[in-house]
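[1] kindly return the folded structure for what I paste below:
(chains A and B)
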2 protein chains.
Amino acid sequence: MQSISHLCRGSCTLHIFCVESVWPLPQKLAISEERYPLSPTHFNFYYGEDQASIMKDCSLLDSAFTRYFPLIFPDLTSGNPPTTLPGLETFSQLVQQEEDGTYFINKTEIEDFPSFQYRGILLDTSRHFLPLKAILNTLDAMAYSKFNVFHWHIVDDPSFPYQSRTFPDLSSKGAYHPMSHIYTQSDVRRVLTHARLRGIRVIPEFDSPGHTQSWGKGQPNLLTPCYKGSSPSGTFGPINPASALSYIFMSQFLKEVTSVFPDPYFHLGGDEVNFSCWQSNPDVRAFMQKMGFGKDYTKLESFYMENIVNITSNLNKTSIVWQDVFDYHERIPKDTILHIWKGLPAQYKAETSRMTKAGHRVLLGAPWYINHIAYGQDWRISYNVQPLNFSGTEEQKKLVIGGEVSMWGEYVDATNLSPRLWPRACAAAERLWSDESQTRSAEAAFPRLQAFRCSLLRRGVRAEPLSPGHCSDEYRGI
Amino acid sequence: MQSISHLCRGSCTLHIFCVESVWPLPQKLAISEERYPLSPTHFNFYYGEDQASIMKDCSLLDSAFTRYFPLIFPDLTSGNPPTTLPGLETFSQLVQQEEDGTYFINKTEIEDFPSFQYRGILLDTSRHFLPLKAILNTLDAMAYSKFNVFHWHIVDDPSFPYQSRTFPDLSSKGAYHPMSHIYTQSDVRRVLTHARLRGIRVIPEFDSPGHTQSWGKGQPNLLTPCYKGSSPSGTFGPINPASALSYIFMSQFLKEVTSVFPDPYFHLGGDEVNFSCWQSNPDVRAFMQKMGFGKDYTKLESFYMENIVNITSNLNKTSIVWQDVFDYHERIPKDTILHIWKGLPAQYKAETSRMTKAGHRVLLGAPWYINHIAYGQDWRISYNVQPLNFSGTEEQKKLVIGGEVSMWGEYVDATNLSPRLWPRACAAAERLWSDESQTRSAEAAFPRLQAFRCSLLRRGVRAEPLSPGHCSDEYRGI
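    The predicted structure follows:
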């Protein structure tokens, strides 16, 4: 009855009939007053004539069509709400219900594509372990908001929940609990599949050489022993960049994890390396001298990162690193993507200019650290970000591949993840998807975001309220 | 096997044997290293010899004993975790479990009583409707933290969810939804019973004359018609203080609600009255003239509040009002309790001085508006409050009956209530219960609060984390 064509990522035209507003706003949306009833019993999707032959075996779309039905007609189905690909998601947001329960959609012309190709959310599963269910629920909500990258900051100083096939001690000794607080290979596969079916890429981060305290528990001789005077103090610093064993371990470990996570991008971290432990260690100092680094430990860090980036490159992955790596060492391989996380607008804009001038692709994280909470409607701050408003040529602007919302885990676990993330993250979702010229006003976006928040709630996402009021289907989903 | 005496409110001595820390900290706690096993199959409570005859028919305690068992021995029971009275709660926090699953308690001497008699939490069910389950769960967590007053800010401008017997239109027209977003008489009774069994008083607030927009929907001729020039603008202001109908309605309505809520205290609001609508209305202006109030609308507000306080007094209730009423009108009846909600420490301390000097009992709310969130460990700010650190005599200090944590509902509903309230409210719980001289350091309290947060989680309260880490029984309860 209705035809949807071009549902795959990229340019997308929907010839459908509907009425309500959509979040994030499509590039072109023309809703007419002409109203068409939708009958659940006669509803079907089919490919347009021009796509029929190409799409015939597109199992991803076929399975999305199947999962999609109860989202449009919630009254007629039960069970977990499914998610959709971007075009289906838009369609599902346009279907409305009369008071008597009948469904309808207004005739609508849509042309749509994302403004930025990379629209990510970072979850931190090291500072607090997040149960699989919390991750899968986040993936659902991401698909509803058209985020397409799950940046899995899977390990860090506090714990190592990734269960490695090659080095099982990393989690058995480095996780908060060796059984209940780990991600098994099967858990990881479940996340990957759940994400793939929703058009979401999973990019893992194994941050080094800093942020690795938990690695040291299951992998002796990996971290740098810190010294107090002439003897070891018993504490450890970053991965030991002076030891050949470190590179042998990292090669083996990266070989495993780059095969477990199929995405062509891989996040290597590289942020916040504290030099004091390296400085205290006589072996590291001897290595510095041998390499001619003088007293400049940024050179040592660069040396380490260069090796790690090369290992990753040989494993056919494109590296993403935090901005620190560029700040210390501008000669990193050109195809390395730089992830900006520091500073206020003036600072991150200047950084974006410098990086793109050096020819690097850039990922903007700094303005969307939404683990930092404030009272009231702080989503407006996220919404007002202008990723391309920095000094640079058109060529430089094209190098900004997108942005990422970070939900660091110092104060976040499964008790508060969802309401802290949703709908606050939706502001960045629209900024990264929609045409900036049509979405300049947070005030104008507000009622549409409120409606979308109610959709999230109805679909089982514990999204917090933006102002006094209520949703019509409140608490049905949660 | 163990004897517990004096469990009722007030001075309390427990002769029990145990080890772990308790939140809030008892007035006197001496935990010895002597350890006693507890056998679930042989465990029993009985009254000490001196209480046996008095307590024989204390059904409140008997039912608490019954509900209490699964809290001490969670492995052996299933179902919803129950709650206890203060002494039982302390005991339950002292029982520990060996790795092999056996229970034990260290020999402990406790003498305990609360520093302040009034330890409240305000929930706002008007800006967002809170399902009954969310309220009951909050009452559970309150009992665990030894809060003893639930201040139910039940109606306000945005909605009127209380279903009145006398004026059913108030909710059928003033609630967000006349069926799904109301508290029926049976709902209210359920809250009252749940609270009573946990030693919690329920003090309702029916705030007037301001904050009453939702009242006007189901009660015509109650609110003041605002004027634009010489004709009504179509909008309404506070309750009309110039109309006899207002006082007749309030008498009837207060007669109902003071009988529904049995607590001897009753909160009448009286805050933030906007005078501009009154000023615009010719009838109100004529009334001002007749009463000789000149242009001073605070006199009109005082006149209204005086009448409402008198009506409430005749219904044998002690009134609580927000500080505005005192600020405008110092001659209110001496037994009226004043609730301080404004300002930074210097301001609320000065206000406390003034009020107690005038002989009023005072309730301190200002420092604990924890709906205002901030990044990080903001519980420390709540913890460092010193309610008696104001300029005044010993007699004045005795007039500070306690304090209250407010969780206003602009940005809070069932999606985020629990993690926003817990464990942040626990800081005030300890400040109001424990000896200030023993609980000066937030740093020293921190590990104990973390352990208590884990207890809340295990008992089914969605309490958010305070720092990176994990609980041993994480997510079992939620």
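
[2] which residue packs closest to A:H329, ignoring adjacent ones?
    Residue nearest to A:H329 in three dimensions, not counting chain neighbours: A:S302, with 3.5 Å by C-beta to C-beta, 6 or more residues apart in numbering or on different chains. For glycine as for every other residue, the C-beta is placed from the backbone atoms N, C-alpha and C.

[3] residue contacts, the one you found?
    The contact partners of A:S302, taken as C-beta atoms under 8 Å, 6 or more residues apart in numbering or on different chains, are A:V325, A:Y328, A:H329, A:R331, A:I332.

[4] and it, that one's in a helix?
    Yes - per DSSP: H, G, I helix; E, B strand; the rest coil, A:S302 lies within a helix segment.

[5] do you know how far it is from B:D283?
    Shown here: A:S302 relative to B:D283, a distance of 79 Å by C-beta to C-beta, to the nearest Å.

[6] equivalent analysis for A:H42, please.
    The spacing between A:H42 and B:D283, counted by C-beta to C-beta, is 61 Å.

[7] now do A:K398
    67 Å.

[8] coming back round to it: the more surrounded of A:H42 and B:D283?
    B:D283 (14 against 8; other C-beta atoms under 10 Å in any protein chain shown).

[9] could you measure from the nearest residue to the more buried one once chain neighbours are set aside over to B:S115?
    Excluding the flanking residues, the one nearest B:D283 by C-beta to C-beta, 6+ apart is B:A242, at 5.4 Å. Taking C-beta to C-beta as the measure, B:A242 falls 45 Å from B:S115.

[10] how about A:A427?
    Taking C-beta to C-beta, one finds A:A427 at 44 Å from B:S115.

[11] more neighbours: the two, which one.
    Relative neighbour count places A:A427 above the other of A:A427 and B:S115, with 28 against 18, counting by other C-beta under 10 Å.

[12] secondary structure class of the more buried one, three-state.
    Applying three-state DSSP: A:A427 is helix.

[13] same question for A:F104.
    strand.

[14] pull the number of nearby residues for A:T393.
    Neighbours around A:T393, by other C-beta under 10 Å: 11.

[15] kindly report the same for the one 3 residues further on.
    As a burial measure, A:Q396 scores 21 neighbours (other C-beta under 10 Å).

[16] residues touching it, list them.
    A:S353, A:T356, A:K357.

[17] mind running it again at 7 Å?
    A:T356, A:K357 (C-beta atoms under 7 Å, 6 or more residues apart in numbering or on different chains).

[18] which SSE is it in?
    helix A:394-398 (DSSP states H and E).

[19] buried stuff in that helix?
    Residues of helix A:394-398 classed as buried by neighbour count (16 or more other C-beta atoms under 10 Å in any protein chain shown): A:Q396.

[20] so how many other residues sit close to the closest residue to A:Y247 other than its chain neighbours?
    Closest residue to A:Y247 in three dimensions, ignoring its sequence neighbours and counting by C-beta to C-beta, 6+ apart: A:N307, at 5.8 Å. By other C-beta under 10 Å, 15 other residues sit near A:N307.

[21] can you classify A:N307 by secondary structure?
    When classified by three-state DSSP, A:N307 comes out as helix.

[22] what's the per-residue pLDDT of it here?
    Model confidence at A:N307, given as pLDDT, is 96.

[23] A:Y68 now?
    75.

[24] which element is it on?
    helix A:59-72.

[25] how about A:A141, what does it touch?
    Contacts of A:A141 (C-beta under 7 Å, 6+ apart): A:W422, A:L456, A:V461.

[26] in CSV, list these along with neighbour count.
    Output for the contacts of A:A141, formatted as CSV (neighbours: other C-beta atoms under 10 Å in any protein chain shown):
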residue, neighbour count
A:W422, 24
A:L456, 25
A:V461, 25
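
[27] for chain B, what are the nearby residues on the stretch 251-400 of chain A?
    Residues of the stretch 251-400 of chain A found near chain B (C-beta under 7 Å from any C-beta of the partner chain) are A:H372, A:I373, A:Y375, A:G376.

[28] now rank the residues you listed by neighbours and give me the top one.
    A:I373 (17 neighbours).

[29] buried residues in the helix or strand encompassing A:S313, which are they?
    Secondary structure assignment for A:S313, by DSSP H and E: helix A:297-314. By neighbour count on 16+ other C-beta under 10 Å, the buried set for helix A:297-314 is A:Y297, A:K299, A:L300, A:E301, A:S302, A:F303, A:Y304, A:M305, A:I308, A:V309, A:I311, A:T312.

[30] closest to A:D140 out of those residues?
    The shortest gap between A:D140 and any of the buried residues of helix A:297-314 belongs to A:T312, at 30.2 Å (C-beta to C-beta).
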